[in-house]
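Peer 1: quick one: sequence plus predicted model below, questions after.
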Amino acid sequence: MQSLGRIILYIYRMRKLFLIILLALGPFVGKAAHLVGGEISYQCVGSNSNGNIYQIRLTIYRDCNSSGAPFDAQAPIAVYGGAGQNITVTTVNVSRGPIINIPAVISNPCLQTPPNVCTEKATYTTNITLAPSTHGYTIVYQRCCRNQTINNVANSGSWGNTYHITIPPQDSTCNSSARFISDPPIVMCKDDSLNVDFSVNELDGDSIFYSLCQPLNGGSQNSPAPNPPSPPPYNPVPFVFPYSSTYPLPSNPQISVNSSTGILSGTPI
């Protein structure tokens, strides 16, 4: 039995990256010690004379038993624009919502949930008004650190997380990003085949494409929650050989995601 680890699932909508999740299945030894993952999305909720009003939604997951990497009471979320997406548009400190426990459920009736597995989430929600821009916008939050027991990343406790999403150029129609339908699973079992639904709601009816990609670093042990978060580009977190974004953990059949449905399948070994 293994705890939830790290796979990056990218969702593309109309050829643009719109949503990132750092929650999926990866090789852990023991329980998680810090942050588990998260996602960021936006929904257009109206417009005014200054532009479109976007509701930004950030969800962070962490180990309940951890004494490190607590939920921020206020999460600094930055918006960048310009040709290089490096011009600061605004930074907002968003208050944390309720902390909610996520149950560790195993679908196989022959297996038992391991004891003392506990994951919790907190959601940060705010509204930001942005005028349609020639270059669009990047919305970002960064937080350190990952747990120290990940097998597929060297010195994993020193690497942080970047959660970012883009609003496309000239979004005059006030689009919304995709949003995951449900929380990810908390545990997985060796030799037990996976059928994990990472599908999303897409309010605008745009085409969705799913793929596995490399995680991005953000924050540090000296600056766990940088305020403001840094602008693009972001550095990837390197995998330990033979692992990669397309082979994140030992598996046969190999872990993969259906590009059309968002179903993650494969069998950890």
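Peer 2: That came through fine. Residues are numbered from 1 along each chain as shown.
Peer 1: going forward, measure contacts between C-alpha atoms and count neighbours the same way
Peer 2: Noted.
Peer 1: tell me which residue of this protein is furthest from the middle?
Peer 2: Here the chain reaches farthest from its C-alpha mean at residue 49, the gap being 32.3 Å by Cα atoms, centre = their mean.
Peer 1: mind checking pLDDT for it?
Peer 2: Note on residue 49: pLDDT of 94.
Peer 1: next: residue 112.
Peer 2: pLDDT, read off for residue 112, is 66.
Peer 1: again, but for residue 257
Peer 2: 93.
Peer 1: can you give me the strands in the stretch 51-200 of the chain?
Peer 2: Applying DSSP state E, counting those that start in this stretch to the stretch 51-200 of the chain gives strands spanning 51-63, 74-81, 87-102, 119-130, 137-143, 161-167, 179-180, 187-188, 194-197, 200-201.
Peer 1: can you give me how far the fifth one is from the chain middle?
Peer 2: Here the centre of strand 137-143 is set off from its chain's centre by 11 Å, with Cα atoms, centre = their mean, to the nearest Å.
Peer 1: the first one too?
Peer 2: What separates the centre of strand 51-63 from the centre of its chain is 11 Å, taken as Cα atoms, centre = their mean.
Peer 1: list the contacts of it.
Peer 2: Contact with strand 51-63 is made by 32-47, 69-71, 118-132, 172, 174, as judged by Cα atoms under 8 Å, 6 or more residues apart in numbering.
Peer 1: kindly report the same for the fifth one.
Peer 2: For strand 137-143, the surrounding residues in contact (Cα under 8 Å, 6+ apart) are 75-82, 85, 160-169, 218-220, 224-226, 229-231.
Peer 1: buried subset of the residues you listed?
Peer 2: In the contacts of strand 137-143, burial by neighbour count holds for 75-81, 85, 160-168, 218-220, 224-226, 229-231, counting by 16 or more other Cα atoms under 10 Å.
Peer 1: so where is the stretch 51-200 of the chain shaky, pLDDT-wise?
Peer 2: Applying pLDDT under 70 to the stretch 51-200 of the chain flags residues 106-114.
Peer 1: could you rerun that using 90?
Peer 2: Within the stretch 51-200 of the chain, the ranges that satisfy pLDDT under 90 run 62-70, 102-119, 145-158, 170-174, 182-196.
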